[in-house]
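J.: Turn this into a structure:
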Amino acid sequence: MSDAPDDVNPSAPRRHDADDAAELAEQPIATFAAQPPTRENAVKQADPVDEAANVSATPSSREADAVQVERVEAGADATAKPSGVAAGTTRTHDDRKAETHSAREAGFRDDRKAETHGDYERAHSRGGFDFARWVSQVRLAASFLTILPVGPTHTASTADVAASFGWFPLVGFGLGLVLCAIDWMLAPIFGNAMRAVLIVLILTVLTGALHLDGLADTADALCAGRDRTRVLEILRDSEIGSFGAIALVFVIVLKIFALAGVGGAHRYAAIYMATGLGRWAMVALASGLDYLRPEGAGTAMLSRDRRRNLKLATLTAVIVMVPLVMLHALRACVVATLMTLALRSFYWRWVHGVTGDLIGAAGEIVETAVLIAVTL
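T.: Residues are numbered from 1 along each chain as shown. Below is the predicted model:
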């Protein structure tokens, strides 16, 4: 017989059981969610027999267990992420970043490879204003007009060679400045006549007598008359005939006598303007005539952008002559323009075009004419 009182129902829950149930009902449901397994939980929940086996396991089996634990942790991290972010999305974003970085590196390598193999135009054609490319074109022009080793280190493209033709006047005025400095240094030692001889000699050496050779060939070609085929054959011949020798003597003597008669600032202005306007005449002459050779020194230079080169050459000549606000500068410009127009008309009537020798001869003739006009 039970000792429980009569007013107590054995099947009813006890008071403390009801209180425990109420406390459990008030706890958040999230506390009953399964916690993500970690390395510590996995070790704690391991069977004692398994722990003993792990102690006696080989290093390879321990590494395999470590890899398995890492997989468990990776799964726990994936379940811990918000439901709106998928692991595949993160991997795709990273892949895109890696592809973009790889593409940029590939582009840089392509540019460097292009410069190495001489495709300078493709490597530097992204911007409209490329100062480095302008410098390269000026260096090309200087390397063509002088014997100085100032050419660019890379292989120039056809576009850069053609564009360098427009910088001829700038190189010519630069030569004039160099000659003026040399004449100034020689002034305490020599008189005007001797310095005139030295200046003409130094100019001939610096330019490699390139345009004087064209003048001699042009003078020899005059013997052929209007026979265009014969004219081109003589211009191609490297030998100098009697007409060519006479033309060389006359031009050199005229230059020396023109400089020997003046001194001071007047002399420096003559040297400066003659060398610059002589190169401007070469660009202006070639801009309106066809080039008669399928190959040669002027083929690449006259292949394109002749109007652009003429505009650039004229603008350069005007800018660098602005400081010389004098009657002699105006006279020099008029003489250079008239001589260029006359030579262009003559060449057109003679052979209906130009060659490198004809362009060089025009430069020498205009240079001499400017020296005479300024020193009068």
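J.: Counting neighbours, what do you get for Thr153?
T.: For Thr153, the neighbour count with other CB atoms under 10 Å is 7. C-beta: built from backbone N, CA, C; applies to glycine.
J.: and it, which of the three is it?
T.: Per DSSP: H, G, I helix; E, B strand; the rest coil, the local secondary structure of Thr153 is coil.
J.: What's the separation between it and Leu259?
T.: Computed as CB to CB, to the nearest Å, the Thr153 to Leu259 distance reads 37 Å.
J.: Next, count neighbours for the residue nearest to Leu198 when sequence neighbours are not counted.
T.: Spatial nearest neighbour of Leu198, chain neighbours left out: Leu186 (6.4 Å); criterion: CB to CB, 6 or more residues apart in numbering. Leu186 has 15 neighbours, counted by other CB under 10 Å.
J.: got it, and Val249?
T.: Neighbourhood size, Val249 [other CB under 10 Å]: 10.
J.: Now do the same contact list for it.
T.: Counting by CB atoms under 8 Å, 6 or more residues apart in numbering, Val249 makes contact with nothing.
J.: Can you classify it by secondary structure?
T.: Val249 ends up helix, using three-state DSSP.
J.: quick thing: my sequence starts at 212, can you match it?
T.: Right, with 212 as the first residue, what we last looked at is Val460.
J.: For the closest residue to Leu359 other than its chain neighbours, pull up the helix or strand it's in.
T.: Leaving out its chain neighbours, the residue that sits closest to Leu359 by CB to CB, 6+ apart is Ala353, at 6.4 Å. Using DSSP states H and E, Ala353 sits in helix 342-356.
J.: model confidence over that helix, on average?
T.: Helix 342-356 carries an average pLDDT of 89.
J.: Pull out the buried positions in that helix.
T.: By neighbour count with 16 or more other CB atoms under 10 Å, helix 342-356 contains the buried residues 344, 347-356.
J.: Tabulate those residues in CSV, adding columns for distance to Thr415.
T.: What follows is these, written out as CSV (distance: CB to CB, whole Å):
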residue, distance to Thr415
Arg344, 31
Ser347, 27
Gln348, 25
Val349, 22
Arg350, 22
Leu351, 22
Ala352, 19
Ala353, 17
Ser354, 18
Phe355, 16
Leu356, 13
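J.: Which of the residues you listed lies at the shortest distance from Val565?
T.: Phe355 (16.2 Å; CB to CB).
J.: Hmm, Ser375 and that closest one touching each other?
T.: Yes. Phe355 is within contact range of Ser375, at 7.1 Å (criterion: CB atoms under 8 Å).
J.: hmm, who's touching the helix or strand hosting Tyr558?
T.: Assigned by DSSP H and E, Tyr558 belongs to helix 538-562. With contact meaning CB under 8 Å, 6+ apart, helix 538-562 is reached by 437, 439, 442-443, 477, 480-481, 484-485, 488-489, 491-492, 495-496, 499-500, 503, 528, 532, 564-565, 569, 573, 576-577, 580-581, 584-585.
J.: Quick one: buried ones out of those?
T.: For those, buried by 16+ other CB under 10 Å: 442-443, 480-481, 484-485, 488-489, 491-492, 495-496, 499-500, 503, 528, 532, 564-565, 569, 573, 576-577, 580-581, 584-585.
J.: what are the ranges of the helices in the stretch 412-561 of the chain?
T.: 421-432, 439-447, 453-471, 475-497, 508-512, 517-532, 538-562 (DSSP state H, counting those that start in this stretch).
J.: which stretch in those helices has the least confidence?
T.: Ranked by mean pLDDT, these end with helix 508-512 at the bottom, a mean of 54.
J.: per-residue confidence at Gly567?
T.: Confidence score, pLDDT, at Gly567: 88.
J.: Surely it and Leu426 touch.
T.: No. Using CB under 8 Å, Gly567 makes no contact with Leu426, being 11.8 Å away.
J.: Please read off the pLDDT at Ala263 from the model.
T.: 42.
J.: for Pro270, same thing?
T.: 46.
J.: so how far is Ala485 from Leu423?
T.: For Leu423, the distance to Ala485 - CB to CB - is 14 Å.
J.: same question, Leu443
T.: From Leu443 over to Ala485 (counting by CB to CB), the distance is 30 Å.
J.: what do you get for Gly499?
T.: 23 Å.
J.: Point out where the stretch 212-361 of the chain drops to low pLDDT.
T.: Scanning the stretch 212-361 of the chain for pLDDT under 70 picks out the ranges 212-340.
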